[in-house]
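**Student:** next one to model:
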Amino acid sequence: MSESVSQVPGPSSGHSSPVSHHIAVLLILCGILFFWNLGALGLTDRDEGRNAEAGREMLETGDWMSPTFNYEPRYAKPVLVYWLMSASYKMFGVSEFAARFPSALFGLGLVLMLYLFLTRLRDANTGLLGSLMLALNLQMIGLNRMALTDSVLIFFTTLSLFAFWLGFQTTRERRPWMWVYYAAMGIATLAKGPVGFLVPLIVVALYLSLTKQWRSFWQEGRPLAGTALTILIALPWYAGMWWLHGSEYTAAAQANTVGRFLKPMEGHSFGFLFYIPVLLLGFFPWSGWLLFAWPQTYKSWRAARKTDVTRDTSHVTAEGTANRAGFPVESPNLSPATRHASQSDSLDWFAAAWIFATFVFFTLSSTRLPHYIGPLFPAAAILTASYWSRCVRDPSTRGANASVHLVMWLGFVLAGAMACLPWIYDTMLASKLTKEYPLATQLSLGSGPYVAATVLLVGMGLVGLFGLSETRRGAAFWAASGSLFGVVLVLMVFVLPAANRYFVAPQQELAYAAGLNLAPGEQLIAYGATRPSTAFYARRKVLFVGSGEEEKLRTALSQPGRTMILLPESFVDKLPGDLKNYQPILKRYGYLLLAREPMVKIPEGILPPPPALEPKIFGH
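**Tutor:** Residues are numbered from 1 along each chain as shown. Have a look, this model is predicted:
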């Protein structure tokens, strides 16, 4: 790279003093971003509802082997996240907070792990930059506040790749770190299936191919023993599921792994370029700098290949300053500054390979969802922090001003979209959502989007003011951080609660009320709105009846015992004629709870809709 070695503090340059302060800052920030009001919003459907209920049923039944949803086998995801949720329920009680707590906890752990990793290999300031970039982006904030498998998966794939780097690129403590590399892959496989070991494997394979270090890896990386360790950790649960459930499990597991890769599932195909805007938006505001960091890293790697030190013909010297492929490794005889400079470029190359391999892998998958590329975000933070640190230290760094302009324009576009959101919702979206959300047209987004847009505009203006100044460029990072933090707070305080009130909470409140009033063995039917979270809030098995399945509804209602029906008000006219003796006992924002008997227990904390929004029931 173009900067001088003296400008880059190495790991032994006295960075320990600010570490405790940095960690305190990260704990406070992540406490706000990941944990604050974590249980304030209802569970989203479908994944959050399914995962949370599967964890609850595991705790209730005591079956720690076979996950279930709605008391039926759930083969879509492995068991680790359900174990974590069950433990969280045991600690905090069954709630939205407890369901999401493992994601928030592993999100915090990921941020701290990245900080310690970069502080060890670079310096404390770069560690702080990278960890803040990882914490302060829309994608990671969202994933760490939801009851999904992704936060746990990202933590362990990142731990695996960090351990590979520490074990393979350094001579000290090599053996323990290589074992961690393989063990973390096994745990990641228990979090989300084969992707848990495939992501680290393809990243390492690409890096070893680009740097021509396969021979060294086979000699020093313990691939056979390490693979055995990965299998030893992951295989027992998978083998147990096959033993208990046979071909039924293997067919379902294959459909949710290989099947998702080979063909779109649940309509989640999107386009081949889908992940480009996902990365630009999800990693905002750092995505603008990332796009310029990538070509600079590629040029560095190309230049290094032309030098003698990176030729495959070089070998380990007497001092141990190069590995068998010629790429520098740590040596006790090197000065701290020289050791740091030799590792700096190769770490950037590793991060670039990590991003590229993960991005291409999930792009080739036929089923595409925004959170799938989450495992590349730690590498994106490493590469972006490295590039931005270079821009601050060396004003002549190529692309420094252009990257600031790109960040600004991405922010301006996003601010414009936020300012237009109320108009877009009212004129284009609300009427289309009424089938799923009956009172969607009555939702007002209020001033929240305008406030968020204003915060973003001011923040991007400050990014330009500072970032285009060679003497004050470092302040642009804090302006970008502050603007993103402000936008997230506005969304969390104003916009999301309003959406939750109309889109998420009504059906869940009625399900909760039904669960309070139904005895064990009595029946709750969800008709026309088959959201998995209904089972979580009702704390019981729910019969889901879709539109057009009225015969299934009649059959269920012929069973003895008390029954309640939860449905959108618009579905009342579709009820079979012989059900008119069912009367509404509770209503919420376009949803009804029907029964033949009145409610015995009135739920606490359920606010009725404003009088002007009260729906009419059966035309009365």
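
**Student:** mean confidence for stretch 151-166?
**Tutor:** Stretch 151-166 carries an average pLDDT of 97.

**Student:** OK, contacts around L136?
**Tutor:** 29, 33, 481, 484-485 (C-beta atoms under 8 Å, 6 or more residues apart in numbering). (Glycine included, C-beta is placed from N, CA and C.)

**Student:** how about it, phi and psi?
**Tutor:** When read as degrees, to the nearest 10, the backbone of L136 gives phi -100, psi 70.

**Student:** the chain should start at 57 in everything you say after this.
**Tutor:** Fine by me, first position is 57 from now on; the one you just mentioned is L192.

**Student:** measure it to C86 for me?
**Tutor:** 10 Å (C-beta to C-beta, to the nearest Å).

**Student:** most neighbours out of the contacts of L192, which is it?
**Tutor:** Highest neighbour count within the contacts of L192: L540, with 25 neighbours (other C-beta atoms under 10 Å).

**Student:** could you list the buried residues of the host helix or strand of Y238?
**Tutor:** Assigned by DSSP states H and E, Y238 belongs to helix 230-248. Using 16 or more other C-beta atoms under 10 Å as the test for burial, helix 230-248 gives 230, 233-248.

**Student:** who does the next helix or strand after it touch, helix- and strand-wise?
**Tutor:** Sequence-wise, the next helix or strand downstream of helix 230-248 (DSSP H and E) is helix 251-267. Counting contacts by 3 or more C-beta pairs under 8 Å, 6 or more residues apart in numbering; DSSP states H and E, helix 251-267 is packed against helix 206-224, helix 230-248, helix 270-276, helix 279-301, helix 392-420.

**Student:** residues in contact with helix 251-267?
**Tutor:** 209, 212-213, 216-217, 220, 237, 240-246, 269-270, 273, 286, 290, 313, 357, 366, 381, 383, 402, 405-406, 409-410, 412-414, 417, 431.

**Student:** CA-only coordinates of it in CSV, if you can.
**Tutor:** The C-alpha trace of helix 251-267 is given here as CSV (Å, rounded to 0.1, in the frame of the first residue of the first chain):
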residue,chain,number,x,y,z
VAL,A,251,-24.2,-23.0,4.8
GLY,A,252,-22.4,-23.0,8.2
PHE,A,253,-19.4,-24.9,6.9
LEU,A,254,-19.7,-24.0,3.2
VAL,A,255,-19.2,-20.2,3.7
PRO,A,256,-15.9,-20.6,5.6
LEU,A,257,-14.8,-23.4,3.3
ILE,A,258,-15.3,-21.4,0.0
VAL,A,259,-13.7,-18.3,1.5
VAL,A,260,-10.6,-20.2,2.7
ALA,A,261,-10.4,-22.1,-0.6
LEU,A,262,-10.5,-18.9,-2.7
TYR,A,263,-7.9,-17.2,-0.5
LEU,A,264,-5.6,-20.2,-0.6
SER,A,265,-6.0,-20.4,-4.4
LEU,A,266,-5.3,-16.7,-4.9
THR,A,267,-2.3,-16.7,-2.7
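
**Student:** mind listing what's buried along that helix?
**Tutor:** Neighbour-count burial for helix 251-267 flags 251-260, 262-264, 267 (criterion: 16+ other C-beta under 10 Å).

**Student:** dump these to TSV, plus pLDDT and distance to L185.
**Tutor:** TSV is the format used below for the buried residues of helix 251-267 (pLDDT from 0 to 100; distance: C-beta to C-beta, whole Å):
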residue	pLDDT	distance to L185
V251	95	28
G252	96	28
F253	96	30
L254	96	30
V255	97	24
P256	98	24
L257	97	29
I258	97	27
V259	98	22
V260	97	25
L262	96	25
Y263	94	23
L264	94	28
T267	87	25
